[in-house]
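Q: Sequence first, then the predicted structure, then my questions.
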Amino acid sequence: MQTLTAQPLARSKELDAIRSDLLINVTPVERMASAAAGIALMAYGLSRRSLAGVFVTLGGAALLLRGGTGHCMLYERLGINSGRLNRNTGVPGNRGIKLSRAVIVNRPPNQVYRYWRDLQNLAEFMEHVESVEELDRLRSHWVVKGPAGTRLEWDATILTEHEGELISWESLPGAEVENAGSVRFEPVRSGSATQVRVTLQYQPPAGVLGAAAAKLLGEAPEQQLAADLERFKKILEARVPAGSNGNR
């Protein structure tokens, strides 16, 4: 009996391509974000010249490898493939990044609420938001500036709405950035002013390490949200006269 010693398909280009595709478990957007965050982390870590800097550099190298190969070991262990169609609404379970920020606006809650509820206004004070298009009373389409010059898009829906008090939302299936959150409008100073509190949960395109890289470089989401809310405060107090309903 003749023993088969050769494997004629072992070096097949077609099989190599299939193997490569099977290894990719992150989206193109995540790959770009990972590579950009990895380069930033490595540059920052090398500049520190310390043991902590070494670990930061290693984390950056891991992100750069993730971006270059399209393969995430953590995703593999968790059975996640973000390259497949996202069928989730919002952010499942306790995944992602959570943050909350508040600002006091010197206008009554009903005025502040009405201005925010006109969702196209959000692009005026949210720096990374290019546009928000209202598809109907509940659904909206978002276009946001992503890392490394990318553009991220998703549809979202309002879950709960109490006029003058609360708006909550979540992203719909297919979102490039899974997210969910709420904004509350609470009267202060006997109702002459409003505390606006935004609570947000989202899944960053480059994962937790990408979020860490952004924080080191001054692009942390909590810093962005705080700056956005300050712009919101200035716009409302400058453009919305006392006693108006907040519409354009």
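A: Nice, thanks for sending it over.

Q: Poorly predicted segments of the chain, please.
A: The chain contains residues with pLDDT under 70 at 1-38, 40-41, 51-60, 63, 66-68, 70-96, 146-149, 204-220, 240-248.

Q: and it, what are its domains?
A: What automatic domain parsing lists as the domains of the chain is 13-78, 97-239.

Q: So V177: helix, strand or coil?
A: With DSSP: H, G, I helix; E, B strand; the rest coil as the basis, V177 sits in coil.

Q: Can you tell me which helices and strands the longest strand that the chain contains packs against?
A: What stands out as the longest strand in the chain, according to DSSP state E, is strand 151-162. Where contact means 3 or more C-beta pairs under 8 Å, 6 or more residues apart in numbering; DSSP states H and E, strand 151-162 is packed against strand 139-145, strand 166-171, strand 179-188. (C-beta placed from N, C-alpha, C; glycine too.)

Q: Would you mind writing the CA trace of that strand as PDB?
A: What follows is strand 151-162, C-alpha atoms only, in PDB (Å, rounded to 0.1, in the frame of the first residue of the first chain):
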ATOM      1  CA  ARG A 151     -17.100  58.000   8.700                       C
ATOM      2  CA  LEU A 152     -19.400  55.900  10.900                       C
ATOM      3  CA  GLU A 153     -23.200  55.600  10.300                       C
ATOM      4  CA  TRP A 154     -26.100  54.000  12.100                       C
ATOM      5  CA  ASP A 155     -29.800  54.200  12.700                       C
ATOM      6  CA  ALA A 156     -31.200  54.800  16.200                       C
ATOM      7  CA  THR A 157     -34.600  54.800  17.700                       C
ATOM      8  CA  ILE A 158     -36.100  56.600  20.700                       C
ATOM      9  CA  LEU A 159     -37.200  54.200  23.400                       C
ATOM     10  CA  THR A 160     -38.700  56.500  26.000                       C
ATOM     11  CA  GLU A 161     -39.800  60.100  25.800                       C
ATOM     12  CA  HIS A 162     -41.300  62.300  28.500                       C
END
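
Q: and the angle from it to strand 179-188?
A: Angle, strand 151-162 to strand 179-188, by axes from the mean of the first three to the mean of the last three C-alpha atoms, to 10 degrees: 50 degrees.

Q: What strands flank strand 151-162, and is each parallel or antiparallel?
A: strand 139-145 (antiparallel), strand 166-171 (antiparallel) (DSSP bridges).

Q: got TSV for those strands, with mean neighbour count too?
A: Shown next, in TSV, are the strands paired with strand 151-162 (neighbours: other C-beta atoms under 10 Å):
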stretch	mean neighbour count
strand 139-145	17
strand 166-171	19
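
Q: Output those strands in CSV; the columns should cover distance to I158.
A: Formatted as CSV, these follow (distance: least, C-beta to C-beta, whole Å):
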stretch, distance to I158
strand 139-145, 8
strand 166-171, 5
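
Q: Out of those strands, which gets nearest to M42?
A: strand 139-145 (23.2 Å; C-beta to C-beta).

Q: closest to M126 out of the strands paired with strand 151-162?
A: Closest approach to M126 among these is made by strand 139-145 (8.4 Å; C-beta to C-beta).

Q: re the thing from before, for the helices and strands packed on strand 151-162, could you give me TSV that also reports distance to P221?
A: TSV is the format used below for the helices and strands packed on strand 151-162 (distance: least, C-beta to C-beta, whole Å):
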stretch	distance to P221
strand 139-145	12
strand 166-171	15
strand 179-188	11
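
Q: Residues in a beta bridge with the residue nearest to E161 when sequence neighbours are not counted, which ones?
A: Using C-beta to C-beta, 6 or more residues apart in numbering and skipping residues adjacent in sequence, the residue nearest E161 is I167, 5.4 Å away. Beta-bridge partners recorded for I167 (DSSP bridges): E161, V183.
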